[in-house]
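>>> Sequence plus predicted model, see below.
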Amino acid sequence: MYIKEMAARTGITEETLRYYERIGIMPPVPRKAGGVRNYSEYHIQYMALIRSLKSSGMTLDDIQQYMILAKAGDDTAKVRKNMLCTAKNNLLKKIAYLQYAVQEADFQISHYETSLLHQTDRLMQELQ
């Protein structure tokens, strides 16, 4: 299938598909005459795995390393699982920060008229 169909079926832009292949996250895609990429069902499944890993909090660098380890075989299974655990822990830290940020926003909203508005106005007047 051509890149346009691959993009439609995976929900990943053509540009991103090319980028993933260029940086080595996606394995090389066979080419037809004239260099046109020829994707297969294998590539759709591969992209589903990449999307799943990305959704679990892994960075593109992590995914690249994960795929290298996966190619090395079952001996790397524990390392790969640890990578997923690390990604999860990083997500939990981000969630904790976002929960704090929401609390801070709630505080600022509830005290806007009595505190933040006056503080902001005072600081802006000092700039003049």
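Now that the structure is in, tell me what you want to look at. Numbers count the residues shown, from 1 in each chain.
>>> Helix, strand or coil: sort out the residue nearest to residue 79 when sequence neighbours are not counted for me.
In space, and not counting its chain neighbours, residue 79 is closest to residue 69: 5.8 Å by Cβ to Cβ, 6 or more residues apart in numbering. (Glycine included, C-beta is placed from N, CA and C.) Under DSSP: H, G, I helix; E, B strand; the rest coil, residue 69 falls in the helix class.
>>> which residues touch residue 69?
By Cβ atoms under 8 Å, 6 or more residues apart in numbering, the contact list for residue 69 reads 76, 79-80, 83.
>>> repeat that with 7 Å
Each residue near residue 69 by Cβ atoms under 7 Å, 6 or more residues apart in numbering is listed here: 76, 79-80.
>>> Dump these to JSON lines, plus neighbour count, distance to residue 62 and secondary structure.
Listed next are the contacts of residue 69 as JSON lines, based on neighbours: other Cβ atoms under 10 Å; distance: Cβ to Cβ, whole Å; DSSP: H, G, I helix; E, B strand; the rest coil:
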{"residue": "76", "neighbour count": "16", "distance to residue 62": "14", "secondary structure": "helix"}
{"residue": "79", "neighbour count": "12", "distance to residue 62": "12", "secondary structure": "helix"}
{"residue": "80", "neighbour count": "17", "distance to residue 62": "10", "secondary structure": "helix"}
